[in-house]
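*Asks:* Only the shape, not the letters, is given here:
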């Protein structure tokens, strides 16, 4: 059981390949960066060939309140890992402030206060003496396992204009204790640096209102000893988005003294006016590629104007952040 307990003491946060479709999870500074109210649903199944794949679900809502120069939001997430169903559930309240620093540029610092719960399915645990004697366990360790509840605090900032953005977020600033054994096992801080640009492309006059663009961007994440770097390119020809991404640290060696590579990611999206739907597949190129089965991810983003859809927004009060969403008509100001 010592190996199990060691695994319960350390963890990394789940990651979404379609990070642009889960902006509040990436950085609380993105709260309220959509011109309309926004609901986002994200679902990921990682390593499907495993007996117990990792499953993550998230839902968020955010709104921009123009007269307060602020954004407000909520987010809930649940993550299940391993054969013993180690489950982490969090719910958070988010706030961001919109500060214009120059013509066309906005800084958006944000906060996330959340409450988390972590537990395990005790009926799925198997102890050594159960195998040896074919009966109930007498191991005292089972009495030490308990669910863990904790408060969490995260912060971030985004600077953006209509065509470029850069952000920094720090999660688990208070390093909450998430041990199931009553010990002091702190969740390490997670730092993320992310950025990108939107490059409008010329389209044929007969294309009408259709929009064509390229959006290269990246996300670098570090949490404890864990590091991850995603970079790639999404191409939009409204209403279709296609993307190709790479996840890995090719200049860093892994435990086999080979390039530290994780996955190639293929993306496909569709914009249905108020609704955006995305699908991505992570094809593993790491040492476990033959046994993992890859990962599947689905995102749904719904935007709506709310109770006063005819309200005219002042142009100097809000600038939409590119990539959130991708399907932004460049001719609309």
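*Replies:* Done, it's in. Given the structure is predicted, the values throughout are model-derived calculations rather than measurements.
*Asks:* Poorly predicted segments of the protein, please.
*Replies:* 1-11, 49-50, 82-85, 121-145, 202-211, 253-259, 287-292, 306-333 (pLDDT under 70).
*Asks:* where do the helices sit along it?
*Replies:* Taking DSSP state H, the helices of the chain run over residues 2-9, 23-26, 128-133, 289-292.
*Asks:* ok, now which ones touch the residue nearest to residue 70 when sequence neighbours are not counted?
*Replies:* Nearest in space to residue 70, with sequence neighbours left out and distances taken as C-beta to C-beta, 6 or more residues apart in numbering, is residue 97 at 5.6 Å. Every C-beta, even on glycine, is put in place using the N, C-alpha and C of the backbone. Counting by C-beta atoms under 8 Å, 6 or more residues apart in numbering, residue 97 touches 69-71, 108-110.
*Asks:* out of those, what pair is the most spread apart?
*Replies:* The largest separation in these, counting by C-beta to C-beta, is between 69 and 110 at 12.7 Å.
*Asks:* Burial check on residue 303, number of neighbours?
*Replies:* 16 (other C-beta atoms under 10 Å).
*Asks:* quick one: it and residue 33, what's the gap?
*Replies:* 12 Å (C-beta to C-beta, to the nearest Å).
*Asks:* same question, residue 242
*Replies:* According to C-beta to C-beta, residue 242 stands 23 Å off from residue 33.
*Asks:* Pairing partners for the residue nearest to residue 151 when sequence neighbours are not counted in the sheet, please.
*Replies:* Nearest non-adjacent residue to residue 151, counting by C-beta to C-beta, 6+ apart: residue 115, 5.9 Å away. Judged by DSSP bridges, the bridge partners of residue 115 are residue 91, residue 151.
*Asks:* ok, now which ones touch residue 115?
*Replies:* Per C-beta under 8 Å, 6+ apart, neighbours of residue 115: 90-92, 149-152.
*Asks:* could you redo those residues as a markdown table and give each row neighbour count and distance to residue 159?
*Replies:* A markdown table is the format used below for those (neighbours: other C-beta atoms under 10 Å; distance: C-beta to C-beta, whole Å):
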| residue | neighbour count | distance to residue 159 |
| --- | --- | --- |
| 90 | 20 | 27 |
| 91 | 14 | 28 |
| 92 | 22 | 23 |
| 149 | 13 | 35 |
| 150 | 18 | 31 |
| 151 | 10 | 28 |
| 152 | 19 | 25 |
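*Asks:* which of these lies closest to residue 63?
*Replies:* Residue 63 lies nearest to residue 92 out of these, by C-beta to C-beta, at 15.4 Å.
*Asks:* my read: the closest one touches residue 75, true?
*Replies:* Yes - contact criterion C-beta atoms under 8 Å: residue 92 and residue 75 qualify, at 5.1 Å.
*Asks:* Residue 114 reaches residue 88, doesn't it?
*Replies:* No - Residue 114 is beyond contact range of residue 88, at 11.2 Å (criterion: C-beta under 8 Å).
*Asks:* What count of nearby residues applies to residue 110?
*Replies:* Number of residues near residue 110 (other C-beta under 10 Å) recorded here: 27.
*Asks:* what does the one 3 residues further on give?
*Replies:* When counting by other C-beta under 10 Å, one arrives at 14 neighbours for residue 113.
*Asks:* next one: residue 105
*Replies:* For residue 105, the number of neighbouring residues by other C-beta under 10 Å comes to 14.
*Asks:* Can you tell me how far it is from residue 168?
*Replies:* Distance, residue 105 to residue 168, by C-beta to C-beta: 16 Å.
*Asks:* what sits against the nearest residue in space to residue 113 that is not next to it in sequence?
*Replies:* Spatial nearest neighbour of residue 113, chain neighbours left out: residue 93 (5.5 Å); criterion: C-beta to C-beta, 6+ apart. By C-beta under 8 Å, 6+ apart, the residues touching residue 93 are 73-74, 112-114.
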